[in-house]
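Asker: Quick one, what's the 3D model for this:
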Amino acid sequence: MSWINRLQNRWQLKSHKQVWIVLLVFACTGFTVYFIKPVLLTWLNIGEQRSVWVSVLYYIVILPVYILFLTMYGFIFGQSAFFNAFSKRFINRIISIFRKKNN
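Answerer: From the prediction side, this is the model:
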């Protein structure tokens, strides 16, 4: 079984074309987040400082931004149902991680 077929089965997609569109949405989202990083760091008034706390703060701030862009690109490319479900699963996993740590 090829990797495309494995992704199609794992994500429960109907065609190879849909797999490629989903991969394109992930790529567009990744590039967008990469290009807004300097803008976001400037907005947070961090500048050239690069510490562990800066990285932690960046990842906390970028997570909802990433999900927003993922949902937006999913809508643009006609895959909003897939990415809405994906975003919900992603958020639920993060919430469950924090719940386990608090118990």
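Asker: What are the boundaries of the helices in the protein?
Answerer: 3-11, 16-43, 52-76, 80-102 (DSSP state H).
Asker: could these go into JSON lines alongside mean pLDDT?
Answerer: Listed next are these as JSON lines, based on pLDDT from 0 to 100:
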{"stretch": "helix 3-11", "mean pLDDT": "95"}
{"stretch": "helix 16-43", "mean pLDDT": "93"}
{"stretch": "helix 52-76", "mean pLDDT": "89"}
{"stretch": "helix 80-102", "mean pLDDT": "89"}
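Asker: Using JSON lines, lay out these together with mean neighbour count.
Answerer: All C-beta atoms are positioned from the backbone trio N, CA, C, and that covers glycine. JSON lines is the format used below for the helices of the chain (neighbours: other Cβ atoms under 10 Å):
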{"stretch": "helix 3-11", "mean neighbour count": "12"}
{"stretch": "helix 16-43", "mean neighbour count": "14"}
{"stretch": "helix 52-76", "mean neighbour count": "14"}
{"stretch": "helix 80-102", "mean neighbour count": "12"}
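Asker: Spatially nearest residue to Gly78, not counting backbone neighbours?
Answerer: In this structure, Gly78 finds its nearest non-sequential neighbour in Ile21, 7.3 Å apart by Cβ to Cβ, 6 or more residues apart in numbering.
Asker: Kindly apply the preceding question to Val25 instead.
Answerer: In this structure, Val25 finds its nearest non-sequential neighbour in Tyr73, 4.6 Å apart by Cβ to Cβ, 6+ apart.
Asker: go on, Leu57?
Answerer: Leu44 (6.9 Å).
Asker: Need the pLDDT of the one you found.
Answerer: Model confidence at Leu44, given as pLDDT, is 72.
Asker: That'll do, ta.
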